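Need a 3D model of the following:
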Amino acid sequence: MKKLETGMALLTALVACAALGLQLQLVLSSMTANGATVLFAVWRFFGFFTILANCAVVLISAALVFRPDGRFATPRGRLMATTAIVLVGLVYSVALRSTWQPTGWQAVADHLLHDITPILFLATWLVGSHGDLNRKDVAWVAVPPLLYFAYALTRGSLDGWYAYWFLNPAEMALVALAGSVLLLSGAFLAVGALLVLADWGLAGWRRPDAPAR
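Residues are numbered from 1 along each chain as shown. This is a model prediction of the structure:
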């Protein structure tokens, strides 16, 4: 299984890198053609949770290949990244896919970032080692979205642009915005809990008292 995990991790890293590179090129081409600077286009590129989650996938997938015993390939780190990228696919399908119809290379990048990479990384997680997660690890999956909410709202207050309509205070009442944050955080916790249960099941035995990592 170790060789399978390494092979899957390598494939995932390569696909995610290709997707990120393609999307960056598309953003640069589109925005600079309309008068934006390269720096501003890069700033906009890193405003999306999808991009940041795919970057995390590249980092952890590469760690699984080259530094499987390092700090980025821990069970908790893999759980957090898996939860984040799975939610990227789920939220996009539920709330965003119907809002636009990309074509050409943008459609390719769109499917790679929101569909293919989540599936590949989830598969990588499934074939990896299991049995080292515990209940406390579930809470950690809420850290990435909460940090992103703070990041998105802060940068949005600076330049007036928000990557997602459900996090835009200009389009939503404060109560609705808080509801979006709570709903998404709850979704992360639910998926994280399911993954921890899957971890115990895949290990063939339950370890709810395993030491926190």
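
wait, Trp165 sits on Ser180?
No. Using Cβ atoms under 8 Å, Trp165 makes no contact with Ser180, being 9.4 Å away. Glycine gets a C-beta too; all of them are placed from N, C-alpha and C.

Compare these two (neighbour count), which wins?
Ser180 (18 against 13; other Cβ atoms under 10 Å).

I figured that one hits Ala173, correct?
No. Counting by Cβ under 8 Å, Ser180 does not reach Ala173; the two are 10.7 Å apart.

Give me the nearest residue to Glu171, chain neighbours excluded.
Trp165 (5.9 Å; Cβ to Cβ, 6 or more residues apart in numbering).

Now do the contacts for Ile85.
For Ile85, the contacting residues are 53-54, 56-57, 117-118, 121-122, by Cβ atoms under 8 Å, 6 or more residues apart in numbering.

Considering those, which is situated nearest to Leu24?
Taking Cβ to Cβ as the measure, Leu24 lies nearest Asn54 of these, at 10.9 Å.

Check the gap between the closest one and Ala18 for me.
Distance of Asn54 to Ala18, computed by Cβ to Cβ, to the nearest Å: 10 Å.

These two: who's more crowded?
Ranked by neighbour count (other Cβ under 10 Å), Asn54 and Ala18 place Asn54 first, with 27 against 15.

what residues do Trp165 and Ser180 have in common as contacts?
Met172.

Tell me the confidence at the residue nearest to Glu171?
Per-residue confidence (pLDDT) for Trp165: 86.

buried stuff in stretch 60-73?
Neighbour counts over stretch 60-73 (16 or more other Cβ atoms under 10 Å) mark 60-65, 72-73 as buried.

ok, of the contacts of Ile85, which come out buried?
Buried among these (16+ other Cβ under 10 Å): 53-54, 56-57, 117-118, 121-122.

how much distance is there from the lengthiest helix in the chain to the middle of the chain?
As assigned by DSSP state H, the longest helix anywhere in the chain is helix 2-33. In this view, helix 2-33 has its centroid 13 Å away from the chain centroid, taken as Cα atoms, centre = their mean, to the nearest Å.

mind listing what's buried in it?
5-6, 8-10, 12-13, 15-17, 19-20, 22-24, 26-28, 31.

element containing the residue of the chain positioned farthest from its centre, please.
What lies farthest from the middle of the chain is Gly35; by Cα atoms, centre = their mean that is 30.0 Å. Using DSSP states H and E, Gly35 falls within no helix or strand.

Give me the phi and psi for it.
Main-chain torsions, Gly35, degrees, to the nearest 10: phi 100, psi 0.

Look at Gly201 and say how many residues are nearby.
Around Gly201 there are 12 residues (other Cβ under 10 Å).

now for the helix or strand harbouring it, which elements pack on it?
In this structure, Gly201 is located in helix 174-203 according to DSSP H and E. Counting contacts by 3 or more Cβ pairs under 8 Å, 6 or more residues apart in numbering; DSSP states H and E, helix 174-203 is packed against helix 75-91, helix 117-127, helix 136-140, helix 143-159.
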